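Trainee: task: produce atomic coordinates for the following.
(chains A and B)
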Amino acid sequence: MGIEPDRLHFSWISSAESTKFVEVVTGVTEAVRALGPHQKFVKTNVKVA
Amino acid sequence: MSNYTDKIREISERLLKEGRVDMVIGFKQGTMPMMNEPCFVKKPEDVSKLVWDSHCGINLANYLTDRKEKIGVIAKGCDSRNIVTHIIENKIKREQLVIIGVPCKGMIDRRKIASMSDAEILSVAEQNGKVIVKTKDAEKRYERTDLLQKNCALCVHRNPVIYDELAADLVEEQKNVDRYADIREIEAMPPDEKWHLFDDLFSACIRCYACRNACPLCYCPTCFVDESRPQWVGKSTDPIDTKTFHFLRAYHCAGRCTDCGACERACPVGINMRLLTRKLEKDCFESFGWEAGLSLDQRPPLDVYKTNDPEDFIK
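Mentor: Next up is the predicted model:
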């Protein structure tokens, strides 16, 4: 629908897999930071009276 | 296909007289050409109201939701698949229904006909595969196959999948139909292009919810768009709100949509929202080998867990 594939991540992480959790979160953060701020699905036409 | 009318009336009269059903849901002639209306016949003497022609595109499964009576319902291929879905989802019981199956050769797209002439259309009739359109000063003939609704041209389940009575002999199914050529094109686009495509696609939407109302799958007592506590989605025609509505509605139909075309048919501004539902249909088929509404014995993929469900997207 026009969202970059790198913005969305799925992962199974057990509560015991702390290292995997750190890896995934770092990976997600880097991937999303590389894409920059999300400009879509932001209402730009909203007018507040 | 219009010679089905007599048979439908005969079956309906018999069912009503024998008391096997309390009413028959079918179509009656609309007040304008090409606009047949759903019709509820409760007395045997009223069956003459029932008609059948190429303008019976409305999905009658929509009128079965939570009904308590015994009902005779007229069902094309797509309607019958939606009836199966209704039964699976406990919206009606199989025992309540006498399904009058109508093998279908596709419905005619009234917008195509209307766009071909400037004058008011007075009548539309059919003869030997030709459609005869009469206006005040002219009479034109078209090939029926050129005028089919888009979903009917792609249909691969023209015959009803369940029925108790048949209004005519089964028809030959269309083979070698490429249902997803346009979907593959969109899939191949980069994200920005997709975004703009959907921007354009839904720009005309007036949020009238006719698509939702015509859809037999949309039977929630309170639709998510009507909820105000919490308000899931804004009610304005802001492009973001509109897109959110369409994307979410399509997702609610995932693994359930039979591509009956009711949504697109009902849309007053002619939006092809079937692009979304067909993408989900394609995904369901590719991931789970699932086509909605073909069997009463199989649970839909979204309510069963299988160990071989695809999970490549999970890292």
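Trainee: need phi/psi at B:K130.
Mentor: Note on B:K130: its backbone torsions stand at phi -110, psi 150 [degrees, to the nearest 10].
Trainee: and for it, nearest residue in space, chain neighbours not counted?
Mentor: Of all residues not flanking B:K130 in the chain, B:R141 sits nearest, at 4.9 Å (C-beta to C-beta, 6 or more residues apart in numbering or on different chains). The C-beta positions use only the backbone N, C-alpha and C, and glycine is treated the same way.
Trainee: ok, now B:T145?
Mentor: B:G129 (7.4 Å).
Trainee: ok, how many other residues are close to the one you found?
Mentor: 9 (other C-beta atoms under 10 Å in any protein chain shown).
Trainee: ok, now A:I13?
Mentor: Counted with other C-beta under 10 Å, residues neighbouring A:I13 total 15.
Trainee: can you give me the distance of it to A:G27?
Mentor: 12 Å (C-beta to C-beta, to the nearest Å).
Trainee: okay, now B:K68: neighbour count?
Mentor: By other C-beta under 10 Å, the burial measure for B:K68, its neighbour count, is 9.
Trainee: go on, the one 3 residues further on?
Mentor: Under the neighbour criterion other C-beta under 10 Å, B:I71 is assigned a count of 21.
Trainee: for chain A, what are the nearby residues on chain B?
Mentor: B:191-198, B:234, B:238-241, B:243-244, B:247, B:313-315 (C-beta under 8 Å from any C-beta of the partner chain).
Trainee: so what's the closest residue to chain B within chain A up against?
Mentor: Scanning chain A for the residue nearest chain B gives A:G2, at 2.9 Å (criterion: C-beta to the nearest C-beta). Neighbouring residues of A:G2 by C-beta atoms under 8 Å, 6 or more residues apart in numbering or on different chains: A:K40, B:P191, B:D192, B:E193, B:K194, B:W195, B:H196, B:L197, B:F198.
Trainee: A strand includes it, no?
Mentor: No: the assignment for A:G2 (DSSP: H, G, I helix; E, B strand; the rest coil) gives coil, which keeps it out of a strand.
Trainee: what sits closest to it if chain neighbours are left out?
Mentor: Using C-beta to C-beta, 6+ apart, the nearest residue to A:G2 is B:W195, at 2.9 Å.
Trainee: what secondary structure does the one you found sit in?
Mentor: Classification of B:W195 by three-state DSSP places it in helix.
Trainee: just checking, it touches A:F41?
Mentor: No: counting by C-beta atoms under 8 Å, A:F41 is not a contact partner of B:W195; they are 9.4 Å apart.
Trainee: and the two? Which one has more around it.
Mentor: A direct count of neighbours by other C-beta under 10 Å for B:W195 and A:F41 places B:W195 higher, at 19 against 13.
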